[in-house]
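*Asks:* Mind folding the following:
(2 chains)
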Amino acid sequence: MRDLPREQQPSRALEERVVSTLVAAGLVRRRRAWPVWAAAAAAAFVVAIGVWVAHPARPAAPGNTYVLLLYEDSAYRPPLAGQGAERLAEMRRWADSLDARGTLERAGRLVGPGPIDGLFMVRAADDSAAARIAATCPYHKWGGRVEVKRFED
Amino acid sequence: MTDDLALVERFLRARRDDAFRALYRAHTPALYGLALRLTGGDQTEAEDLVQESWVRAVRGLSSFRARSALRSWLCGVLVNVRRERIRLDWRAVEGADVEAATDTSDPDDALDLERAIGALPEGARDVFVLHEVYGYTHSEIAEMLGIVEGTSKSQLTRARTLLRNALP
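*Replies:* Residues are numbered from 1 along each chain as shown, chains lettered A, B, ... in the order given. Modelled structure (predicted):
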(Lines give C-alpha, C1' and ligand atoms only; values in the text may rest on other atoms or scores of the structure.)
Protein backbone atom coordinates (compact mmCIF):
# COMPACT_ATOMS: atom_id res chain seq x y z
CA MET A 1 0.00 0.00 0.00
CA ARG A 2 2.89 2.32 0.73
CA ASP A 3 4.03 1.84 -2.84
CA LEU A 4 1.22 4.14 -3.90
CA PRO A 5 2.67 7.52 -4.84
CA ARG A 6 2.80 9.89 -1.90
CA GLU A 7 3.93 12.97 -3.69
CA GLN A 8 2.64 14.41 -6.91
CA GLN A 9 3.24 17.68 -8.67
CA PRO A 10 0.22 19.91 -9.20
CA SER A 11 0.04 22.24 -12.17
CA ARG A 12 2.64 24.98 -12.19
CA ALA A 13 -0.15 27.54 -12.25
CA LEU A 14 -1.24 26.50 -8.77
CA GLU A 15 1.74 28.16 -7.11
CA GLU A 16 0.88 31.54 -8.60
CA ARG A 17 -2.77 31.03 -7.74
CA VAL A 18 -1.93 30.28 -4.12
CA VAL A 19 0.48 33.21 -3.84
CA SER A 20 -2.03 35.59 -5.41
CA THR A 21 -4.73 34.42 -3.02
CA LEU A 22 -2.44 34.91 -0.04
CA VAL A 23 -1.37 38.35 -1.25
CA ALA A 24 -5.00 39.37 -1.78
CA ALA A 25 -5.81 38.19 1.74
CA GLY A 26 -2.95 40.26 3.13
CA LEU A 27 -1.16 37.16 4.39
CA VAL A 28 1.86 37.40 2.13
CA ARG A 29 3.67 40.34 0.59
CA ARG A 30 5.17 40.15 -2.81
CA ARG A 31 8.87 40.56 -2.84
CA ARG A 32 9.62 43.54 -4.94
CA ALA A 33 12.92 44.04 -6.47
CA TRP A 34 15.02 46.23 -4.25
CA PRO A 35 12.80 49.23 -3.41
CA VAL A 36 12.54 51.55 -6.33
CA TRP A 37 14.71 54.22 -4.84
CA ALA A 38 17.39 51.68 -4.31
CA ALA A 39 16.84 49.72 -7.48
CA ALA A 40 17.81 52.78 -9.33
CA ALA A 41 20.54 53.08 -6.78
CA ALA A 42 22.12 49.95 -8.15
CA ALA A 43 23.24 52.40 -10.75
CA ALA A 44 22.97 55.56 -8.75
CA PHE A 45 24.81 54.12 -5.79
CA VAL A 46 27.62 53.18 -8.07
CA VAL A 47 27.94 56.82 -8.87
CA ALA A 48 26.76 58.48 -5.72
CA ILE A 49 27.67 55.98 -3.05
CA GLY A 50 30.67 54.88 -5.02
CA VAL A 51 31.93 58.41 -4.64
CA TRP A 52 31.36 58.31 -0.91
CA VAL A 53 33.03 54.96 -0.59
CA ALA A 54 35.92 56.25 -2.58
CA HIS A 55 37.01 58.53 0.24
CA PRO A 56 39.22 56.19 2.19
CA ALA A 57 41.65 58.99 2.91
CA ARG A 58 39.10 60.95 4.86
CA PRO A 59 40.14 60.82 8.51
CA ALA A 60 37.60 59.07 10.70
CA ALA A 61 35.50 61.36 12.84
CA PRO A 62 35.73 60.66 16.54
CA GLY A 63 33.33 58.10 17.97
CA ASN A 64 32.25 54.74 16.63
CA THR A 65 31.07 53.29 13.39
CA TYR A 66 27.41 52.34 13.38
CA VAL A 67 25.50 50.29 10.90
CA LEU A 68 22.01 51.42 10.00
CA LEU A 69 20.05 48.47 8.66
CA LEU A 70 17.02 49.25 6.54
CA TYR A 71 14.23 46.78 7.01
CA GLU A 72 11.43 46.52 4.55
CA ASP A 73 9.01 44.59 6.71
CA SER A 74 5.27 44.37 6.80
CA ALA A 75 4.61 48.03 7.52
CA TYR A 76 6.70 49.20 4.57
CA ARG A 77 4.70 50.99 1.93
CA PRO A 78 6.24 50.54 -1.50
CA PRO A 79 6.24 53.55 -3.79
CA LEU A 80 3.28 54.02 -6.03
CA ALA A 81 3.84 54.42 -9.70
CA GLY A 82 5.91 57.51 -10.33
CA GLN A 83 7.06 57.88 -6.72
CA GLY A 84 10.19 55.81 -7.09
CA ALA A 85 12.37 58.55 -8.50
CA GLU A 86 11.16 60.93 -5.81
CA ARG A 87 12.12 58.46 -3.09
CA LEU A 88 15.47 57.85 -4.66
CA ALA A 89 16.13 61.58 -4.77
CA GLU A 90 15.15 61.94 -1.13
CA MET A 91 17.38 59.09 -0.03
CA ARG A 92 20.24 60.55 -2.01
CA ARG A 93 19.74 64.00 -0.49
CA TRP A 94 19.81 62.41 2.95
CA ALA A 95 22.94 60.42 2.17
CA ASP A 96 24.57 63.51 0.65
CA SER A 97 23.85 65.47 3.81
CA LEU A 98 25.51 62.76 5.90
CA ASP A 99 28.44 62.72 3.56
CA ALA A 100 28.77 66.49 3.70
CA ARG A 101 29.08 66.28 7.47
CA GLY A 102 31.73 63.61 7.20
CA THR A 103 29.36 61.11 8.82
CA LEU A 104 28.82 58.61 6.04
CA GLU A 105 31.37 55.85 5.69
CA ARG A 106 29.70 53.44 3.38
CA ALA A 107 26.32 52.54 1.96
CA GLY A 108 24.89 49.82 -0.16
CA ARG A 109 22.26 47.22 -0.67
CA LEU A 110 22.08 43.71 0.69
CA VAL A 111 21.15 41.09 -1.86
CA GLY A 112 19.49 37.84 -0.90
CA PRO A 113 16.55 36.54 1.09
CA GLY A 114 15.45 38.30 4.24
CA PRO A 115 13.88 41.60 5.09
CA ILE A 116 17.00 43.76 5.27
CA ASP A 117 17.29 45.77 2.11
CA GLY A 118 20.18 48.08 2.65
CA LEU A 119 22.70 49.49 5.02
CA PHE A 120 24.50 52.70 5.79
CA MET A 121 27.65 52.81 7.86
CA VAL A 122 27.94 56.08 9.69
CA ARG A 123 30.28 57.63 12.18
CA ALA A 124 28.69 58.86 15.40
CA ALA A 125 29.95 59.94 18.79
CA ASP A 126 27.83 57.46 20.70
CA ASP A 127 24.69 55.31 20.55
CA SER A 128 22.37 58.27 21.05
CA ALA A 129 23.98 60.24 18.27
CA ALA A 130 23.70 57.25 15.96
CA ALA A 131 20.02 56.86 16.85
CA ARG A 132 19.47 60.53 16.06
CA ILE A 133 21.05 60.08 12.66
CA ALA A 134 18.91 57.01 12.01
CA ALA A 135 15.80 58.94 13.00
CA THR A 136 16.41 61.39 10.17
CA CYS A 137 16.42 58.65 7.52
CA PRO A 138 13.52 59.18 5.10
CA TYR A 139 12.97 55.44 5.04
CA HIS A 140 10.84 55.83 8.18
CA LYS A 141 8.30 57.92 6.31
CA TRP A 142 7.44 54.98 4.10
CA GLY A 143 6.91 52.56 6.95
CA GLY A 144 10.41 51.14 6.74
CA ARG A 145 12.37 50.36 9.88
CA VAL A 146 15.91 51.45 10.52
CA GLU A 147 17.87 49.44 13.04
CA VAL A 148 21.08 50.76 14.55
CA LYS A 149 24.01 48.56 15.55
CA ARG A 150 27.45 49.58 16.72
CA PHE A 151 30.09 48.10 14.46
CA GLU A 152 33.19 46.64 16.01
CA ASP A 153 36.20 45.53 13.98
CA MET B 1 12.56 19.42 10.66
CA THR B 2 15.29 21.93 11.29
CA ASP B 3 15.11 23.03 7.69
CA ASP B 4 11.36 23.37 8.01
CA LEU B 5 11.69 25.49 11.12
CA ALA B 6 14.22 27.69 9.38
CA LEU B 7 11.83 28.10 6.44
CA VAL B 8 8.95 28.93 8.77
CA GLU B 9 10.99 31.46 10.71
CA ARG B 10 12.26 33.03 7.54
CA PHE B 11 8.71 33.36 6.25
CA LEU B 12 7.34 34.77 9.50
CA ARG B 13 10.02 37.44 9.63
CA ALA B 14 8.57 39.39 6.72
CA ARG B 15 5.87 37.19 5.16
CA ARG B 16 7.36 37.60 1.77
CA ASP B 17 6.30 35.54 -1.19
CA ASP B 18 9.81 34.25 -1.88
CA ALA B 19 9.96 32.76 1.61
CA PHE B 20 6.47 31.36 1.19
CA ARG B 21 7.38 29.81 -2.15
CA ALA B 22 10.21 27.91 -0.47
CA LEU B 23 7.72 26.40 1.97
CA TYR B 24 5.24 25.77 -0.80
CA ARG B 25 7.74 23.95 -2.99
CA ALA B 26 9.00 21.83 -0.12
CA HIS B 27 5.59 20.54 0.91
CA THR B 28 3.07 20.95 -1.88
CA PRO B 29 3.88 17.70 -3.72
CA ALA B 30 3.04 15.78 -0.54
CA LEU B 31 -0.08 17.85 0.09
CA TYR B 32 -1.24 17.47 -3.47
CA GLY B 33 -0.58 13.73 -3.38
CA LEU B 34 -2.68 13.46 -0.24
CA ALA B 35 -5.38 15.70 -1.70
CA LEU B 36 -5.59 13.57 -4.82
CA ARG B 37 -6.04 10.47 -2.73
CA LEU B 38 -8.71 12.05 -0.57
CA THR B 39 -10.61 13.36 -3.57
CA GLY B 40 -10.45 10.14 -5.55
CA GLY B 41 -8.09 11.66 -8.11
CA ASP B 42 -10.09 14.80 -8.86
CA GLN B 43 -7.30 17.17 -9.87
CA THR B 44 -9.39 20.33 -9.77
CA GLU B 45 -10.78 19.54 -6.36
CA ALA B 46 -7.33 18.50 -5.13
CA GLU B 47 -5.77 21.78 -6.26
CA ASP B 48 -8.57 23.76 -4.63
CA LEU B 49 -7.97 21.80 -1.48
CA VAL B 50 -4.24 22.50 -1.54
CA GLN B 51 -4.91 26.19 -2.13
CA GLU B 52 -7.35 26.49 0.74
CA SER B 53 -5.05 24.48 2.97
CA TRP B 54 -2.16 26.84 2.33
CA VAL B 55 -4.34 29.84 3.14
CA ARG B 56 -5.42 28.15 6.37
CA ALA B 57 -1.87 27.08 7.16
CA VAL B 58 -0.39 30.53 6.59
CA ARG B 59 -3.01 32.05 8.88
CA GLY B 60 -2.02 29.59 11.59
CA LEU B 61 1.67 29.30 10.91
CA SER B 62 2.70 31.61 13.72
CA SER B 63 1.07 29.19 16.14
CA PHE B 64 2.96 26.24 14.70
CA ARG B 65 5.32 25.28 17.46
CA ALA B 66 7.19 22.34 15.98
CA ARG B 67 5.43 20.01 18.39
CA SER B 68 4.92 17.88 15.33
CA ALA B 69 6.69 17.85 12.00
CA LEU B 70 5.57 20.62 9.69
CA ARG B 71 4.65 18.06 7.04
CA SER B 72 2.24 16.24 9.31
CA TRP B 73 0.84 19.52 10.60
CA LEU B 74 0.15 20.64 7.04
CA CYS B 75 -1.39 17.29 6.16
CA GLY B 76 -3.62 17.66 9.20
CA VAL B 77 -4.71 21.10 7.98
CA LEU B 78 -5.52 19.65 4.58
CA VAL B 79 -7.48 16.73 5.95
CA ASN B 80 -9.50 19.05 8.15
CA VAL B 81 -10.19 21.47 5.31
CA ARG B 82 -11.39 18.52 3.27
CA ARG B 83 -13.65 17.41 6.10
CA GLU B 84 -15.21 20.84 6.41
CA ARG B 85 -15.88 20.87 2.70
CA ILE B 86 -17.46 17.45 2.81
CA ARG B 87 -19.79 18.50 5.58
CA LEU B 88 -21.08 21.21 3.28
CA ASP B 89 -21.53 18.76 0.45
CA TRP B 90 -24.80 16.86 0.19
CA ARG B 91 -23.03 14.03 -1.57
CA ALA B 92 -21.15 13.12 1.55
CA VAL B 93 -23.77 10.77 2.79
CA GLU B 94 -21.87 8.09 4.57
CA GLY B 95 -24.16 5.29 3.42
CA ALA B 96 -23.64 6.26 -0.19
CA ASP B 97 -19.91 6.14 0.35
CA VAL B 98 -20.05 2.66 1.79
CA GLU B 99 -22.18 1.53 -1.07
CA ALA B 100 -19.73 2.98 -3.54
CA ALA B 101 -16.87 1.24 -1.77
CA THR B 102 -18.51 -2.11 -2.13
CA ASP B 103 -19.56 -1.43 -5.68
CA THR B 104 -16.10 -1.25 -7.15
CA SER B 105 -15.68 -3.13 -10.36
CA ASP B 106 -12.57 -4.85 -11.66
CA PRO B 107 -10.77 -5.04 -8.33
CA ASP B 108 -7.56 -6.25 -9.93
CA ASP B 109 -6.97 -2.84 -11.32
CA ALA B 110 -4.87 -0.55 -9.09
CA LEU B 111 -7.08 2.29 -10.20
CA ASP B 112 -9.97 0.53 -8.56
CA LEU B 113 -8.02 0.22 -5.35
CA GLU B 114 -7.54 3.96 -5.41
CA ARG B 115 -11.19 4.43 -6.24
CA ALA B 116 -12.21 2.13 -3.42
CA ILE B 117 -10.02 4.07 -1.00
CA GLY B 118 -11.55 7.30 -2.23
CA ALA B 119 -15.01 5.90 -1.66
CA LEU B 120 -14.43 4.87 1.93
CA PRO B 121 -16.38 6.77 4.57
CA GLU B 122 -14.64 9.99 5.49
CA GLY B 123 -13.19 9.07 8.87
CA ALA B 124 -12.06 5.61 7.80
CA ARG B 125 -10.56 6.88 4.58
CA ASP B 126 -8.56 9.67 6.23
CA VAL B 127 -7.07 7.35 8.79
CA PHE B 128 -6.43 4.63 6.24
CA VAL B 129 -4.62 6.96 3.83
CA LEU B 130 -2.56 8.62 6.52
CA HIS B 131 -1.61 5.33 8.13
CA GLU B 132 -1.28 2.91 5.25
CA VAL B 133 -0.10 5.17 2.48
CA TYR B 134 1.71 7.93 4.33
CA GLY B 135 2.99 5.85 7.22
CA TYR B 136 1.88 8.13 10.03
CA THR B 137 1.48 6.55 13.44
CA HIS B 138 -1.85 6.48 15.24
CA SER B 139 -0.47 9.01 17.66
CA GLU B 140 0.39 11.42 14.83
CA ILE B 141 -2.94 10.86 13.13
CA ALA B 142 -4.78 11.48 16.38
CA GLU B 143 -3.03 14.82 16.73
CA MET B 144 -3.64 15.80 13.12
CA LEU B 145 -7.33 14.99 13.17
CA GLY B 146 -8.09 15.94 16.75
CA ILE B 147 -9.21 12.46 17.70
CA VAL B 148 -7.99 9.93 20.26
CA GLU B 149 -5.67 7.13 19.25
CA GLY B 150 -8.32 4.49 19.88
CA THR B 151 -10.58 6.13 17.31
CA SER B 152 -7.76 6.16 14.80
CA LYS B 153 -7.21 2.44 15.34
CA SER B 154 -10.88 1.55 15.08
CA GLN B 155 -11.28 3.64 11.91
CA LEU B 156 -8.34 1.81 10.39
CA THR B 157 -9.92 -1.55 11.20
CA ARG B 158 -13.17 -0.35 9.70
CA ALA B 159 -11.43 0.82 6.53
CA ARG B 160 -9.61 -2.48 6.13
CA THR B 161 -12.83 -4.44 6.54
CA LEU B 162 -14.66 -2.34 3.98
CA LEU B 163 -11.79 -2.64 1.51
CA ARG B 164 -11.55 -6.40 2.01
CA ASN B 165 -15.24 -6.66 1.14
CA ALA B 166 -14.86 -4.34 -1.84
CA LEU B 167 -11.70 -5.94 -3.19
CA PRO B 168 -11.78 -9.73 -3.04
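
*Asks:* Residue 140 - nearest residue in space that isn't next to it in sequence?
*Replies:* Assuming you mean chain A. residue A:146 (6.4 Å; Cβ to Cβ, 6 or more residues apart in numbering or on different chains). To be clear about C-beta, it is placed using only N, CA and C from the backbone, and glycine gets the same treatment.

*Asks:* switch to chain B, that's the one I care about
*Replies:* residue B:72 (5.3 Å).

*Asks:* on that earlier part again, next, count neighbours for the residue nearest to residue A:140.
*Replies:* Counted by other Cβ atoms under 10 Å in any protein chain shown, the residues lying close to residue A:146 total 20.

*Asks:* for residue A:124, same thing?
*Replies:* The number of residues packed near residue A:124 is 22, by other Cβ under 10 Å.

*Asks:* Up against chain A, what does chain B have?
*Replies:* B:10, B:13-21, B:24-25, B:28-30, B:32-34, B:36-37, B:43, B:46-47, B:50-51, B:54-55, B:58-59, B:114, B:132-135 (Cβ under 8 Å from any Cβ of the partner chain).

*Asks:* who touches whatever helix or strand residue A:16 lives in?
*Replies:* Per DSSP states H and E: residue A:16 is located in helix A:12-24. Outside helix A:12-24, the residues that touch it by Cβ atoms under 8 Å, 6 or more residues apart in numbering or on different chains are A:28-30, B:17, B:20-21, B:24-25, B:28, B:32, B:47, B:50-51, B:54-55, B:58.

*Asks:* same thing with stretch A:139-153?
*Replies:* Residues from elsewhere that reach stretch A:139-153, judged by Cβ under 8 Å, 6+ apart: A:64-73, A:75-79, A:87, A:91, A:117, A:121, A:127, A:130-131, A:134-135, A:137.

*Asks:* what about 6 Å?
*Replies:* Contact partners of stretch A:139-153, identified using Cβ atoms under 6 Å, 6 or more residues apart in numbering or on different chains, comprise A:64-72, A:75-77, A:130-131, A:134, A:137.

*Asks:* Filter these down to just the ones in strands.
*Replies:* Members of these lying in strands (criterion: DSSP state E): A:64, A:65, A:66, A:67, A:68, A:69, A:70, A:71.
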